[in-house]
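> here is my input; please provide its structure:
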Amino acid sequence: MEIYTNSIAKAGTAHLPENPFEGLLENITSPYAEKEDKHEIISTVAYLIGIPQRIFDNPHESPMRSRYQQLELDKNARIIRNLCMIRTAIERNFKAINDRMTREHRTLYYLDELPREAMKQLVQDGVHFIKKSSTRLAEHVVELNRLISDRINNCRGLFPDWLKWDYVRDLFVMPNGLTEAGTKEAADVYYANKQCYPYQVYINWRPFEAGNILFNDHKFVTLLYEQHNDYFYDAAKTRDVGEAIKNTIYDFIGACRKVAVFVDCENTDPYKLCAALRALNSEELAKISGILLFDDRHTTAAWQVLEHYTHIPVEHLMVERLLENKSLVDGMLTARACREHYINGVDGLMLVSSDSDYSALISTLSTARFFVMVERDKQSPRMEDFLRACSIDSCCLDDFYDGALNNLKLHTVQRELDRLLAALTFDLGGLLDQALQTARATLSPVERDQLLEKCYRRLQLSMDDNSKVALALSGK
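Prediction:
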């Protein structure tokens, strides 16, 4: 893990606002030494800001070649990349380009200082930043800034929803960049601190010595949030567990004839479990015979979509309560685990729960192998000590990469919203009859049906700032 120092206030930037997170990253090594860093976000950023292709092709660099190839097929991403490449080339060679334009009356299309391929692709994609009315180089920079600012939102979908888009967008928007004074000020900061920019490519960045800010997703996102005096705290979205933990799970599965997963839904976050299962090798997951969910009516609806996202057979067991304040989930899970072991030949039990009560189950089934998945804030020291004493391997669900689970959450929310909305019905015909009675009007059956159909077509929803939805008839 790269060591880096936060020194925003030490880099000759006294004019910047006070940073409340000064020292946050100072001389740190990763507390997640057993984790693997992700590179999806930094690869996307590297492509868009115009990092040279050779960086992606170098296996010793962080940006991924596969991401470069994907984004090359995306017109919106390609346009932003080419605009940024040209802007950086101008910033690096402003004086030389300006002199050739002034003395040799050359246009930008024929200057060696600018990337020819980027210029060519922009024309092919229908983007033109060189105006005949613009005769000064600074005016072309302003036009580049305008195009980037207008088009960068087209790339929002390339980033995960959990990442604050405004922070990402600001990387591409030159401050006061639609004026020549703004472009000059940005250029002065860039020239003075070129070594602090990623691969010396221009972005809107408060420069300070932090090494390669595109080293991995966690470092980049942490620094990006800090640039906005904010704090990024969800490391599970930028890191995954290391191979050592995954191999421990694979070894457990491989040592068993038949493996099943037993989930205490009352003590497990469905999204964290889904993240853990999706992070594992699909070939190893295929050896799991099924997932048994022990649930009651007080838990989340997210369990209903677990099978769709893990492709493992799921049996959802709803456990009724005899008393409102007493759950029977623990007892039902224990009984079913014994049945699966002694009758159905399940010799590998992956127990997903942080409840220490399951220590009795583990002690009882001495002929079975156990692997336990827990959540850090729910696990008791007693259970941790017990597992260690029994030499039972375990892992923490919080440590698995969950940055790709937004679709699961959105899917779950949409399903629940659909269910709730389905219950919100009203009798439009009854309302019409009430209106006819109040207005003391009489219509024939045909006239009533025609008016009812007309009212239905005019129904319109509106929502205020407090998300209150109103229903009204539009037009006449």
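> so what's Asp399 closest to, chain neighbours aside?
Val241 (4.7 Å; C-beta to C-beta, 6 or more residues apart in numbering). In short, each C-beta sits where N, CA and C put it, glycine included.
> I figured Asn154 hits Asn76, correct?
Yes - using C-beta atoms under 8 Å, Asn154 is in contact with Asn76, at 3.9 Å.
> who's more crowded, these two?
Legend: neighbour count by other C-beta atoms under 10 Å for Asn154 and Asn76, higher for Asn76 (18 against 14).
> next secondary structure element downstream of the strand or helix carrying that one?
Using DSSP states H and E, Asn76 falls within helix 75-92. Helices and strands here follow DSSP H and E; after helix 75-92, the next one along the chain is helix 94-103.
> what is that next one packed up against?
For helix 94-103, the packing partners by 3 or more C-beta pairs under 8 Å, 6 or more residues apart in numbering; DSSP states H and E come out as helix 137-151.
> tell me the buried residues in the helix it packs on?
Going by neighbour count (16 or more other C-beta atoms under 10 Å), the buried part of helix 137-151 is Leu137, Ala138, His140, Val141, Val142, Glu143, Leu144, Asn145, Leu147, Ile148.
> outline the domain layout of this structure.
Domain assignment of the chain by automatic domain parsing yields the ranges 8-237, 242-407, 426-473.
> which stretches of the stretch 301-450 of the chain form helices?
Secondary structure of the stretch 301-450 of the chain (DSSP state H, counting those that start in this stretch): helices at 306-310, 329-342, 359-364, 381-389, 406-422, 428-438, 445-458.
> so which of these is nearest His39?
helix 406-422 (18.6 Å; C-beta to C-beta).
> how much space separates Ala255 from Asp347?
From Ala255 across to Asp347, the span is 9 Å (C-beta to C-beta, to the nearest Å).
> residues shared between the contacts of the two?
Arg369 (C-beta atoms under 8 Å, 6 or more residues apart in numbering).
> name the residue in these two with the higher neighbour count.
The neighbour count for Ala255 versus Asp347, taken as other C-beta under 10 Å, is higher for Asp347 (16 against 12).
> ok so, going back, determine which two of the buried residues of helix 137-151 are furthest apart.
Using C-beta to C-beta, those span at most 16.6 Å, a distance reached by Leu137 and Ile148.
> need the strands for the chain, in chain order.
35-37, 239-241, 259-264, 288-295, 314-318, 348-352, 369-374, 394-396, 459-463, 469-473 (DSSP state E).
> and the contacts of the second one?
Yep, that's strand 239-241 we're talking about. 32, 34-38, 217-218, 279, 395, 399-401.
> tabulate those (JSON lines), appending neighbour count, pLDDT and distance to Val305.
Output for those, formatted as JSON lines (neighbours: other C-beta atoms under 10 Å; pLDDT from 0 to 100; distance: C-beta to C-beta, whole Å):
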{"residue": "Tyr32", "neighbour count": "18", "pLDDT": "39", "distance to Val305": "28"}
{"residue": "Glu34", "neighbour count": "14", "pLDDT": "61", "distance to Val305": "29"}
{"residue": "Lys35", "neighbour count": "22", "pLDDT": "71", "distance to Val305": "27"}
{"residue": "Glu36", "neighbour count": "16", "pLDDT": "80", "distance to Val305": "26"}
{"residue": "Asp37", "neighbour count": "21", "pLDDT": "86", "distance to Val305": "29"}
{"residue": "Lys38", "neighbour count": "20", "pLDDT": "89", "distance to Val305": "24"}
{"residue": "Asp217", "neighbour count": "26", "pLDDT": "94", "distance to Val305": "26"}
{"residue": "His218", "neighbour count": "22", "pLDDT": "93", "distance to Val305": "28"}
{"residue": "Ala279", "neighbour count": "18", "pLDDT": "86", "distance to Val305": "18"}
{"residue": "Cys395", "neighbour count": "18", "pLDDT": "91", "distance to Val305": "23"}
{"residue": "Asp399", "neighbour count": "22", "pLDDT": "87", "distance to Val305": "23"}
{"residue": "Phe400", "neighbour count": "25", "pLDDT": "88", "distance to Val305": "18"}
{"residue": "Tyr401", "neighbour count": "23", "pLDDT": "85", "distance to Val305": "19"}
